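> Sequence plus predicted model, see below.
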Amino acid sequence: MNFQTYTTSKGETLYYVGQPDTAMLEALAAGYGDIWHASFDQGFKNAFPEIVYQTVVFFWFVNDFDGLDQCVSWRINPDAFVVRKSVWDTLQGFDATYTNPVMAAFDFGFNALRFQGAIPMYVKGLFPATTQAAPKISRQDRYDFYRRNFKFSHALYMAFRKGWWNPLEWWAMAKAKSRLQQKIEMPVIPPKPLEPVQGNPTVSYIIPTMMRQDFTLNLLGDLKQQTYLPTQVVVVDATPENARDASLYRPEDYPFEVIFRWQTTKGSCRARNEAIALCTGDFIIFGDDDIRIPPDFIENHIRLLQTYGAGAANGLDIRADHQQQDLSDLAYKLQHYKGQRWLVGCASTFNNANSCVRREHVQTLVGNDINYDGGYGEDSDFGLSLTKIGVDVLFNPFSTNLHLKPPMGGYRFWGSQAKLMGKKRKAQPWELDTPVKSIRPVPSPTIMYQLHKHFTAEQRKEYGVKYFIFYLFKGKPLMLPLRVFRLPMRILQYRKSVFYAKKLMALGKRTQ
């Protein structure tokens with residue numbers, strides 16, 4: 001690359017190609033981004049839609065976002081971008097195996113975002129807009145990209161979907177397989193050293209709970225031990241009156257304000273929204289009732305968001321082996337953690353058990369979408385909704401929790417009724433005015449609602465195709481005849497899920 005350089009006031013070197021507005025670079029370098037481009041204005045927006053054959057709807061960034069001056073996007077124009085020199089050197093630049101520079105740039109941006117802890121961003125006005133057509137991506141380019149980045153089965157699936165009858169698809173796939181190897185290990189960007197907490201930001205901590213007062217008290221005990229105390233804790237408890245012990249909740253036992261509310265509505269989304277309405281902190285931390293947190297949990301959330309200048313973070317959630325484990329078990333698990341822990345980049349998931357968001361962004365969204373009550377997916381919806389308004393959710397490896405996951409209690413008690421049929425079944429909120437009768441919708445209608453809310457018809461189609469392929473062929477081959485026999489019923493269940501999703505879409509997002 002024939003880079004030119006720009007040095008910031010802090011002495012950091014930025015590489016660039018093309019003609020960026022250098023007046024913007026100082027502010028960009030001070031933020032959390034690592035790679036910047038203006039490719040939306042140069043014909044690159046939503047280019048390479050074939051990424052859907054691998055990611056389907058499980059990758060927040062399969063689509064580029066609309067109506068934002070800045071947002072995360074991995075679709076980099078190779079002729080017009082800026083990158084931190086340290087990031088370019090660490091990630092070792094473009095993959096030289098590509099002959100098409102566009103695919104090399106896409107490969108660089110995609111891996112930087114998804115696996116390597118670097119953040120590529122679209123910035124409106126950073127480079128001059130052009131009227132050029134969308135970049136040309138050949139059939140061979142597609143298969144080269146898939147071969148370098150994914151298991152061979154994904155390329156095979158793409159060949160099947162793009163045209164199983166077309167020998168050119170199979171030839172391009174075979175050619176990519178014969179001359180290229182999948183990347184095994186890639187370098188990652190190390191986290192920045194966390195700066196001390198600046199100022200005296202206030203923190204509200206939200207705990208929705210149901211039939212788990214003992215677990216909630218343990219979590220409140222952990223909050224008392226924090227190195228940076230919350231200003232306010234809001235507990236919304238849906239425990240039925242005949243199963244609760246009100247005497248256990250004593251606000252005077254805590255060195256911060258604790259608000260206890262008995263929930264009279266139904267659903268965890270409603271519970272969080274009731275708590276959000278009471279929050280006064282600069283930051284809101286969302287936590288489940290069945291977690292344990294170490295003393296530096298809150299402090300590290302605030303330090304990370306301030307160090308990176310970000311609006312939201314998703315912490316590291318560690319699953320316990322059993323519900324009696326404690327913080328000493330968490331320390332042991334972290335010492336033996338086998339995943340890629342020390343990486344701060346854009347999260348593509350959101351976890352209501354461990355997340356921290358600046359309150360103004362929560363207020364912009366108003367709160368959780370209560371269409372998810374009784375089902376699944378509300379946390380992912382909240383995180384993706386933040387991202388779509390330009391608030392990027394970072395992964396925070398410094399704020400960890402131990403998730404106990406007890407078999408009893410919690411809001412899933414209500415949702416578990418959805419698996420029942422007949423007279424024992426209790427209607428779920430998503431059933432609205434059409435109770436489930438003889439056909440139980442599968443997958444969860446709230447998951448299907450999320451697909452309709454955030455993704456395109458083509459992407460939903462790919463989800464459906466993969467769903468039924470996995471249903472038929474994943475598992476023991478001897479069970480295939482039985483699965484084929486049950487396929488008509490599964491199709492009816494899928495269509496019933498789509499039916500409820502469309503009814504929820506007609507209602508639109510609701511927060512109360």
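Perfect, I can see it now.
> Least confident secondary structure element in the chain?
Every helix and strand of the chain was ranked by mean pLDDT, DSSP states H and E. The lowest is helix 412-415, at a mean of 61.
> does Ser348 count as helix, strand or coil?
With DSSP: H, G, I helix; E, B strand; the rest coil as the basis, Ser348 sits in coil.
> quick one, what contacts Gln226?
Contacts here follow Cβ atoms under 8 Å, 6 or more residues apart in numbering; on that basis Gln226 touches 293, 295-299. C-beta here means a position set from N, CA and C on the backbone, and glycine is covered the same way.
> measure it to Pro445 for me?
39 Å (Cβ to Cβ, to the nearest Å).
> what does Phe48 give?
According to Cβ to Cβ, Phe48 stands 31 Å off from Pro445.
> And those two? Which one has more around it.
Legend: neighbour count by other Cβ atoms under 10 Å for Phe48 and Pro445, higher for Pro445 (29 against 19).
> quick one, phi/psi of the nearest residue in space to Gly345 that is not next to it in sequence?
Of all residues not flanking Gly345 in the chain, Gly117 sits nearest, at 3.8 Å (Cβ to Cβ, 6 or more residues apart in numbering). Dihedral pair for Gly117: phi 80, psi 20, per degrees, to the nearest 10.
> Report how many residues lie close to Gly117.
When neighbours are counted by other Cβ under 10 Å, Gly117 registers 25.
> What is the helix or strand hosting Ala176 packed up against?
Ala176 is located in helix 167-179, with elements delineated by DSSP states H and E. With contacts taken as 3 or more Cβ pairs under 8 Å, 6 or more residues apart in numbering; DSSP states H and E, helix 167-179 sits against helix 139-149, helix 152-163.
> So what touches whatever helix or strand comes next after that helix?
Using DSSP H and E, the helix or strand that directly follows helix 167-179 along the chain is strand 203-209. By Cβ under 8 Å, 6+ apart, the surrounding residues in contact with strand 203-209 are 215-216, 219-220, 223, 228-239, 263, 268, 271-272, 275-276, 278-289, 298, 302, 359, 410-411.
> switch to 7 Å and redo it
Outside strand 203-209, the residues that touch it by Cβ atoms under 7 Å, 6 or more residues apart in numbering are 216, 219, 223, 230-237, 268, 271-272, 275, 279-281, 283-287, 289, 298, 411.
> ok, now stretch 129-140?
For stretch 129-140, contacts defined as Cβ under 7 Å, 6+ apart pick out 41-44, 47-48, 102-103, 168-169, 172, 175.
> and if you look at stretch 40-51?
Outside of stretch 40-51, the residues within contact range by Cβ under 7 Å, 6+ apart are 39, 62-64, 75, 77, 80, 106, 122, 124, 129-130, 132-135, 137, 142, 158.
> how long is it end to end?
One end of stretch 40-51 sits 17 Å from the other (Cα to Cα, to the nearest Å).
> circling back to that earlier point, out of the helices and strands packed on helix 167-179, which comes closest to Leu91?
For Leu91, the closest of the helices and strands packed on helix 167-179 is helix 139-149, at 14.1 Å, according to Cβ to Cβ.
> Restricting to C-alpha, output that closest one in PDB.
Output in PDB follows, covering the C-alpha atoms of helix 139-149 (Å, rounded to 0.1, in the frame of the first residue of the first chain):
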ATOM      1  CA  ARG A 139     -17.700 -15.700  -8.500                       C
ATOM      2  CA  GLN A 140     -14.100 -16.700  -7.800                       C
ATOM      3  CA  ASP A 141     -13.700 -13.800  -5.400                       C
ATOM      4  CA  ARG A 142     -16.700 -15.100  -3.400                       C
ATOM      5  CA  TYR A 143     -15.300 -18.600  -3.000                       C
ATOM      6  CA  ASP A 144     -11.800 -17.300  -2.300                       C
ATOM      7  CA  PHE A 145     -13.300 -15.200   0.600                       C
ATOM      8  CA  TYR A 146     -15.200 -18.200   1.900                       C
ATOM      9  CA  ARG A 147     -12.200 -20.500   1.700                       C
ATOM     10  CA  ARG A 148     -10.000 -18.100   3.600                       C
ATOM     11  CA  ASN A 149     -12.400 -17.400   6.400                       C
END
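> which residues does the residue lying closest to Gly163 once chain neighbours are set aside contact?
Distances taken as Cβ to Cβ, 6+ apart put Glu169 closest to Gly163, at 5.1 Å, once the chain neighbours are dropped. Going by Cβ under 7 Å, 6+ apart, Glu169 touches 139, 159, 162-163.
> Give the PyMOL command for selecting the buried subset of those.
To isolate the buried ones among these in PyMOL, judged by 16 or more other Cβ atoms under 10 Å, type:
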select buried, resi 139+159+162
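> ok, the contacts of Glu169 vs Glu185, which is closest?
For the contacts of Glu169, the nearest to Glu185 is Ala159 (26.8 Å; Cβ to Cβ).
> all helices for the stretch 1-150 of the chain, in order.
Using DSSP state H, counting those that start in this stretch, the helices of the stretch 1-150 of the chain run over residues 25-29, 52-55, 85-91, 101-114, 139-149.
> from the chain's centre, how far out does the helix holding Ala176 sit?
33 Å (Cα atoms, centre = their mean, to the nearest Å).
> For that helix, list every residue counted as buried.
In helix 167-179, counting by 16+ other Cβ under 10 Å, buried: 169-170, 172-173, 176-177.
> how big is the angle separating it from helix 139-149?
40 degrees (axes from the mean of the first three to the mean of the last three Cα atoms, to 10 degrees).
> hmm, back to that, just the buried members of the contacts of strand 203-209?
If you count burial by 16+ other Cβ under 10 Å, the buried members of these come out as 216, 219, 223, 230-237, 268, 271-272, 275, 279, 281, 283-287, 289, 298, 411.
> Inside strands: which ones of those?
The strands, defined by DSSP state E, take in 232-237, 283-287 from those.
> out of these, what pair is the most spread apart?
Maximum pairwise distance in these, criterion Cβ to Cβ, is 22.7 Å, between Asp237 and Phe283.
> just for the protein, where's the confidence low?
409-424 (pLDDT under 70).
> can you list the domain ranges for it.
The record assigns the chain these domain ranges, following automatic domain parsing: 4-139, 203-403, 420-507.
> In JSON lines: those, plus distance to Leu194.
Output for the domains of the chain, formatted as JSON lines (distance: least, Cβ to Cβ, whole Å):
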{"stretch": "domain 4-139", "distance to Leu194": "13"}
{"stretch": "domain 203-403", "distance to Leu194": "4"}
{"stretch": "domain 420-507", "distance to Leu194": "32"}
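> Go through the ones you listed and name the closest to Arg148.
Nearest of the domains of the chain to Arg148, taken as Cβ to Cβ: domain 4-139 at 6.5 Å.
> Could you work out the end-to-end span of that closest one for me?
With Cα to Cα, one end of domain 4-139 sits 33 Å from the other.
> contact partners of stretch 16-35?
By Cβ under 7 Å, 6+ apart, the residues outside stretch 16-35 that reach it are 1-4, 6, 8-9, 12, 14, 36, 76, 79-84, 87, 109, 112, 118-121, 123, 125-128, 189, 308-310, 394.
> Quick check: PyMOL command selecting the buried ones in the residues you listed.
The PyMOL selection below is limited to those of the contacts of stretch 16-35 classed as buried (16+ other Cβ under 10 Å):
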select buried, resi 6+14+36+76+79+80+81+82+83+84+87+109+112+118+119+120+121+123+126+127+189+308+310+394
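> Which ones among the contacts of stretch 16-35 lie within strands?
In strands, defined here by DSSP E, the members of those are 4, 6, 14, 36, 81-84, 120-121, 123, 394.
> Show me the two of the residues you listed that sit farthest apart.
Using Cβ to Cβ, those reach their maximum pairwise distance at Gln4 and Leu394, which is 29.2 Å.
> Who are the contact partners of Tyr254?
Going by Cβ under 7 Å, 6+ apart, Tyr254 touches 220, 224.
> what about the helices in the stretch 251-400 of the chain?
268-276, 297-308, 327-335, 359-365, 378-388.
> name the helices or strands packed onto the last one?
Using 3 or more Cβ pairs under 7 Å, 6 or more residues apart in numbering; DSSP states H and E, the elements in contact with helix 378-388 are helix 359-365, strand 393-403, helix 445-454.
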